[in-house]
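**Q** kindly return the folded structure for what I paste below:
(one chain, ligands or ions: 1)
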Amino acid sequence: QANSANAIEEQALQQFKAENGINSNAMRSWQVGPGVNHCTAWKGVNCWSTGSVRWLRLPAAGLSGVMSMALGGLPRLSRLNLRDNALTGAIPPSLVVMTSLKKLTLQGNQLSGPIPDFLRNFTNLDELGLANNMFQGPFPTNMFATMRELQIVDMGNNRITGQIPDNLVDIPTLQSLSLRANNLSGPISPLLASSPSLVTVDLSQNSLVGPLPSVWTVSNLTFLDLSSNFLQGEIPPSLLSLGNLTLNLAGNNFSGKISQSVACSFGNAAFKNNPFLVVDLCASPSAAPALMPRASDDSAAAAPAPTKKKSSSSLSTLTIVALTAGDIALLLMSAAGFTFFYMWWKKRAKNAKFDGGKDAWSKEEKSSSSTLRSVYGKELGQAADPHRPTYLVAAPALRPALKACSGSMADPAKTSTEYLVASDPDAMGACAEKDSAVSCEEFGTDLVILDKFLVLEIEELLRANAMVLGAGTFGGVYMAVMEDGHMLAIKRLEEQALKNEHVFARQIRKLADVKHPNLLPIRAYCWSPTERLVICDYMPNGSLFSLLHGDKEQRPAILSWATRHKIALETARALAYLHDNDMVHGNVKATNVLLDDKFEVRVGDFGLESLLEAPLQHTSSAGYLAPELMTSSRRKSAKGDVYSFGVLLLELLTGLEPLGKNNMDLSTWVQEMVKSHRTEDVFDPSLVSSHVLPAQDVLELLDLAQACVAEQPNRRPTIEAVLRSLETIVPSGGFLPDPAVLPQQMGHDLSVEHGYDYGHEYVANIHMHTRGPRGAVDSLDLSPAHIHGGYYSDASSSSISPLQAGFPSSSGRAYD
Ligand SMILES: Nc1ncnc2c1ncn2[C@@H]1O[C@H](COP(=O)(O)OP(=O)(O)OP(=O)(O)O)[C@@H](O)[C@H]1O
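**A** Residues are numbered from 1 along each chain as shown. Below is the predicted model:
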């Protein structure tokens with residue numbers, strides 16, 4: 001019986017192909033013949049252990065024509081994803097039988113007609129994606145009353161009319177709601193303002209009216225876009241006091257006053273184009289997390305009036321449905337920033353070739369440009385040395401890994417659930433108890449999205465261009481460029497990764513829940529019996545390691561003293577957050593300090609050890625490892641992190657790698673230099689020209705670094721204390737003119753009160769306190785005396801700030 005049911009399903013699929021897949025390259029694998037099993041051989045098809053079709057996923061697969069009624073022949077379907085195709089017509093009524101459906105994603109087609117009434121039968125649905133089509137008319141009455149498990153509703157950019165139903169906004173699991181760019185009217189329900197689950201809400205570009213609900217208690221809301229409506233009245237203080245909210249109320253008829261502090265915290269643009277609203281504009285709006293327009297939209301924030309503008313295109317295949325300020329900024333990487341990155345990237349890639357990349361580059365790669373291009377299937381050499389700057393190398397291993405993860409490469413004789421039985425009978429037992437299809441779906445091999453704002457299918461990853469970034473303790477890392485240009489980093493965990501999917505899922509979800517602006521979030525993962533992949537955003541400015549030790553020519557321009565201080569500060573913030581939450585990083589090092597498009601730090605690789613079968617002896621790399629961890633069996637500790645962080649500080653100050661020639665470690669070398677009064681010689685030569693000496697703040701940082709690398713763990717400060725110190729160190733120009741050269745540069749109108757003997761004669765009323773034989777300046781006061789030569793115009797200055805304002809220029813007019 002099962003066989004004949006499955007044969008019927010196969011016929012339904014063939015019919016679907018005949019009607020919608022004529023132009024689809026993706027469906028070329030849908031061949032019929034003896035021994036060909038549609039469950040394992042047909043792209044986008046995945047079956048239950050019974051042989052019934054479980055998933056049909058063909059996003060951006062070139063489908064066209066009126067959406068086929070034959071799909072109704074797949075009654076056990078759990079996931080139907082046909083987004084970003086060119087399907088027309090209505091959603092076929094035959095789909096009514098798909099009561100096991102959990103995800104229905106049809107965004108980005110040309111589907112039309114009313115939203116079908118039968119959708120209410122899909123009581124297990126957690127994701128409904130109908131955006132960017134031409135659906136029209138109101139929501140069917142009580143449609144959402146039965147869909148109580150919905151988490152994501154994305155129905156933007158249609159022609160839906162009527163009011164937003166209360167039984168949609170009060171779904172207890174609803175996290176992301178987008179109904180933007182429709183013709184919705186009526187007020188915003190108070191239920192929306194009190195939802196405990198909602199994280200992102202986009203109701204922009206509708207015709208919503210009335211005042212906002214007066215009390216806002218949406219504790220998890222991070223994104224609210226109500227721009228370009230006809231909302232009026234005062235903006236409730238409880239809304240404006242929500243922390244962490246990216247807000248857009250532009251293009252409405254709000255009235256009342258917005259204080260400067262509110263304008264600064266949400267950004268002036270959030271309140272634009274409200275003719276009756278008095279906004280005390282923020283003077284430095286750049287500091288405010290103003291909501292920015294999405295890539296494919298007309299800017300609601302910038303819209304001159306609340307006119308309805310439909311976006312002509314949707315975000316392409318990889319769509320971030322709701323965006324944090326950082327995500328948006330990533331999408332909208334400024335042209336200047338991008339150009340800079342591109343030039344730097346090219347330079348970095350070029351440099352990599354000369355700097356030891358010989359083995360990592362194939363002949364073909366060497367002769368080609370460094371343009372990103374698809375290199376799947378070509379064996380183009382091996383992964384780059386992780387301790388070298390990033391190489392652009394082909395990623396031959398990624399595609400099979402992804403395929404294994406998508407289930408289609410799995411042993412056709414076994415379904416993923418059978419693998420699970422073998423690897424984790426308990427988990428399977430729990431699954432079986434709850435019955436069947438839907439509750440067991442989680443255990444299949446597939447990409448699991450952990451970030452609610454990411455919509456990504458494994459097929460898109462399979463199509464992506466990819467490069468090897470390197471290989472570390474846990475396995476290889478690849479960069480994949482999606483069709484819309486978004487870049488992801490995919491870490492392929494090696495064999496020692498957890499064999500039990502259940503445990504793996506639990507651990508990785510824990511890691512994904514650790515969120516801090518300076519930690520690199522895990523966005524998705526993929527587990528299969530043979531592959532475990534961890535997916536994060538690719539950080540376009542690479543790692544601190546490649547910045548510091550890569551292109552030396554670029555280093556001074558990119559890594560100014562102030563930037564180094566900022567990197568140290570942000571890294572300490574990330575570590576302090578981990579320690580505060582009883583976590584230890586265990587692998588603090590420059591390759592794990594990544595920089596996003598705004599040069600903000602995202603520390604990666606935290607907690608990955610918890611995804612391994614057995615703890616590694618130690619993960620920290622040579623040079624960064626605290627002495628007590630080299631010998632003891634203790635794997636990692638907070639004090640060990642502080643030690644590694646101290647090494648990182650030294651690396652920032654000196655520009656040197658943690659392990660030098662003859663295996664001398666950096667901390668020992670610095671200690672020796674300081675002891676032998678050669679402190680000023682430890683600093684990165686690209687910061688220190690021959691005419692400057694380190695300023696007070698630089699020396700303070702050196703002291704701090706040395707405290708962190710104390711031999712005895714109990715003599716090291718806590719990371720919290722390190723952070724406090726870093727916060728009090730205000731980065732100056734970093735380095736002061738060397739008094740030894742002042743006479744030549746500044747004339748003879750200077751004298752030094754405290755004796756320096758450099759063999760030069762000069763005069764200046766400058767108080768200098770010195771360290772070391774060459775007199776690294778510890779503190780420096782200008783007396784009221786004049787200092788000429790164009791350096792100072794303020795004779796009464798008694799502050800050192802003019803000297804700290806920068807390096808002397810060659811023209812001798814650095815300060816005035
Ligand atoms: N999200 C990312 N964006 C950009 N580059 C990345 C990203 N993740 C890792 N990399 C780079 O890829 C390379 C390999 O990273 P990986 O974390 O595997 O190794 P590692 O940091 O050298 O060593 P370890 O595994 O011990 O941390 C490194 O150069 C790292 O900086």
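**Q** avg pLDDT for stretch 150-158?
**A** Mean per-residue pLDDT for stretch 150-158: 92.
**Q** where do the strands of the stretch 51-200 of the chain begin and end?
**A** 53-57, 64-66, 79-81, 86-89, 103-105, 110-114, 127-129, 134-138, 152-154, 159-163, 176-178, 183-186, 200-202 (DSSP state E, counting those that start in this stretch).
**Q** list the helices and strands the first one packs on?
**A** I take that to be strand 53-57. In this structure, strand 53-57 makes packing contacts with helix 2-20, strand 45-47, strand 79-81, judged by 3 or more Cβ pairs under 8 Å, 6 or more residues apart in numbering; DSSP states H and E. From N, CA and C alone the C-beta is placed, and that goes for glycine too.
**Q** quickly run through the sheet partners of the second one, with directions.
**A** This points to strand 45-47. strand 53-57 (antiparallel) (DSSP bridges).
**Q** just the angle between the strand it pairs with and helix 2-20, please?
**A** 20 degrees (axes from the mean of the first three to the mean of the last three Cα atoms, to 10 degrees).
**Q** re earlier: tell me which of the strands of the stretch 51-200 of the chain sits nearest to Pro34.
**A** Of all the strands of the stretch 51-200 of the chain, it is strand 53-57 that lies closest to Pro34, at 20.2 Å by Cβ to Cβ.
**Q** ok, and what's touching the closest one?
**A** The contact list for strand 53-57 (Cβ atoms under 8 Å, 6 or more residues apart in numbering) reads 9, 13, 38-39, 44-48, 71, 74, 76-82, 437, 441, 444, 446, 457-459.
**Q** filter these down to the buried ones.
**A** 9, 13, 38-39, 44-48, 71, 74, 76-82, 437, 441, 444, 446, 457-459 (16 or more other Cβ atoms under 10 Å).
**Q** and stretch 166-180, what's buried?
**A** Applying 16+ other Cβ under 10 Å to stretch 166-180 flags Asn167, Leu168, Val169, Asp170, Ile171, Leu174, Gln175, Ser176, Leu177, Ser178, Leu179, Arg180 as buried.
**Q** any idea of the mean pLDDT in that stretch?
**A** 92.
**Q** same question for stretch 464-477.
**A** 75.
**Q** do that stretch and the ligand meet at all?
**A** Yes - residues of stretch 464-477 are located near the ligand by Cβ under 6 Å from any ligand atom, namely Leu469, Gly470, Ala471, Gly472, Thr473, Phe474, Val477.
**Q** would you check which pair of those residues lies furthest apart?
**A** Of all pairs drawn from the residues of stretch 464-477 next to the ligand, the widest gap by Cβ to Cβ lies between Leu469 and Thr473 and measures 14.1 Å.
**Q** tell me how far the residue of the chain found nearest the ligand lies from Asn20.
**A** Nearest to the ligand in the chain, going by Cβ to the nearest ligand atom, is Gly472, at a distance of 2.1 Å. Using Cβ to Cβ, to the nearest Å, Gly472 is found at 43 Å from Asn20.
**Q** of the two, which one has the most company?
**A** Asn20 (26 against 21; other Cβ atoms under 10 Å).
**Q** surely that one touches Met69?
**A** No - the pair Asn20 / Met69 is not scored as a contact, 10.7 Å apart, by Cβ atoms under 8 Å.
**Q** quick one: Ala574 and Val601 touch, right?
**A** Yes - counting by Cβ under 8 Å, Val601 is a contact partner of Ala574 at 6.7 Å.
**Q** could you tell me which residues touch both of the two?
**A** Common contacts of Ala574 and Val601, defined by Cβ under 8 Å, 6+ apart, comprise Asn518.
**Q** show the model's pLDDT score for His754.
**A** For His754, pLDDT reads 32.
**Q** still on that earlier bit, any chance of the helices and strands packed on strand 53-57 in TSV, plus distance to the ligand?
**A** As requested, the helices and strands packed on strand 53-57 are exported to TSV (distance: least, Cβ to the nearest ligand atom, whole Å):
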stretch	distance to the ligand
helix 2-20	37
strand 45-47	28
strand 79-81	26
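**Q** turn these into JSON lines, including distance to Thr146 and mean pLDDT.
**A** As requested, the helices and strands packed on strand 53-57 are arranged in JSON lines below (distance: least, Cβ to Cβ, whole Å; pLDDT from 0 to 100):
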{"stretch": "helix 2-20", "distance to Thr146": "26", "mean pLDDT": "89"}
{"stretch": "strand 45-47", "distance to Thr146": "27", "mean pLDDT": "88"}
{"stretch": "strand 79-81", "distance to Thr146": "18", "mean pLDDT": "92"}
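**Q** for the ones you listed, give me a markdown table that also has distance to Asn244.
**A** Below are the helices and strands packed on strand 53-57 laid out as a markdown table (distance: least, Cβ to Cβ, whole Å):
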| stretch | distance to Asn244 |
| --- | --- |
| helix 2-20 | 43 |
| strand 45-47 | 38 |
| strand 79-81 | 31 |
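**Q** low-confidence ranges in the stretch 701-816 of the chain?
**A** 731-816 (pLDDT under 70).
**Q** mind checking how far the closest residue in space to Arg509 that isn't next to it in sequence is from Asp513?
**A** Nearest residue to Arg509, sequence neighbours excluded (Cβ to Cβ, 6 or more residues apart in numbering): Leu450, at 6.6 Å. Going from Leu450 to Asp513 by Cβ to Cβ gives 9 Å.
**Q** number of nearby residues for the nearest residue to Val32 once chain neighbours are set aside?
**A** Nearest residue to Val32, sequence neighbours excluded (Cβ to Cβ, 6+ apart): Gln14, at 6.9 Å. By the criterion of other Cβ under 10 Å, Gln14 has 17 neighbours.
**Q** residues of stretch 126-139 that come out buried?
**A** Those would be Asp126, Glu127, Leu128, Gly129, Leu130, Ala131, Asn132, Asn133, Phe135, Pro138, Phe139, for stretch 126-139 by 16+ other Cβ under 10 Å.
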